[in-house]
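**Student:** Quick one, structure for this:
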Amino acid sequence: MLVALGLLPLTFSVRAMAWPLITPEEEGRDRAAPDVTAPPDRPPPPTITLVRPDISQPIRNPVTIEVQFTPGPGSSVNMDSFNATYGRLGINITRRLLDHAVATTDGLSATDVELPSGDHRITLSIADTSGRTASKTLRFSVAR
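**Tutor:** Numbering: from 1, shown residues only. Modelled structure (predicted):
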């Protein structure tokens, strides 16, 4: 009713004039400024290395899983931060793995591990005492 009376403008049907979001001067000043968005130099995070089995081909049961953790410089591995999840659902298997694994000076070793045949995905994560974290997803097949 207000539109019919001419009290509301019909701006939705009229194309507005273009307007500058950034002026050429602002763009020039921004380009000349130092890049403060660059991340600071940080020491590298810890690394996770699968020592065995060789997952480049299907593995056979029972299997030994050996994982090595290397902390970032000036730190040590924080084993309390270790986490292991299975599959797309991220099923937490940390406690099950730790209950059967032997902790080494720089990782874990679990022997006589049985896995169902087929394709699997396990994600391991660890932090060092400097709070840097690492995560590694292992994708492998178990022979039928």
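**Student:** quick check, distance from whichever strand or helix holds Ile48 to the centre of its chain.
**Tutor:** Using DSSP states H and E, Ile48 sits in strand 47-52. Mean C-alpha position of strand 47-52 versus that of the full chain (CA atoms, centre = their mean, to the nearest Å) differs by 16 Å.
**Student:** what mean pLDDT does that strand have?
**Tutor:** For strand 47-52, mean pLDDT is 96.
**Student:** Same question for stretch 76-87.
**Tutor:** For stretch 76-87, the per-residue pLDDT averages 94.
**Student:** quick one on the thing from earlier: return the list of helices and strands in contact with the strand holding Ile48.
**Tutor:** Counting contacts by 3 or more CB pairs under 8 Å, 6 or more residues apart in numbering; DSSP states H and E, strand 47-52 is packed against strand 63-70, strand 118-128, strand 133-142. All C-beta spots, glycine's among them, are computed from the backbone N, C-alpha and C.
**Student:** tell me which residues of it are tucked away?
**Tutor:** By neighbour count on 16 or more other CB atoms under 10 Å, the buried set for strand 47-52 is Ile48, Leu50.
**Student:** Relative to that strand, what are the paired strands and their orientations?
**Tutor:** With DSSP bridges as the test, strand 47-52 is paired with strand 63-70 (antiparallel).
**Student:** contacting residues around the partner strand?
**Tutor:** Here strand 63-70 makes contact (CB atoms under 8 Å, 6 or more residues apart in numbering) with 46-53, 77, 101, 104, 106-115, 124, 126, 134, 142.
**Student:** what's in contact with stretch 107-117?
**Tutor:** By CB under 8 Å, 6+ apart, stretch 107-117 touches 49, 51, 59, 61-69, 82, 97-98, 100-102, 142-144.
**Student:** Any of the residues you listed buried? List them.
**Tutor:** Ile59, Val63, Ile65, Glu66, Val67, Gln68, Phe69, Phe82, Leu97, Ala101, Val142.
**Student:** Thanks again, I'm all set now.
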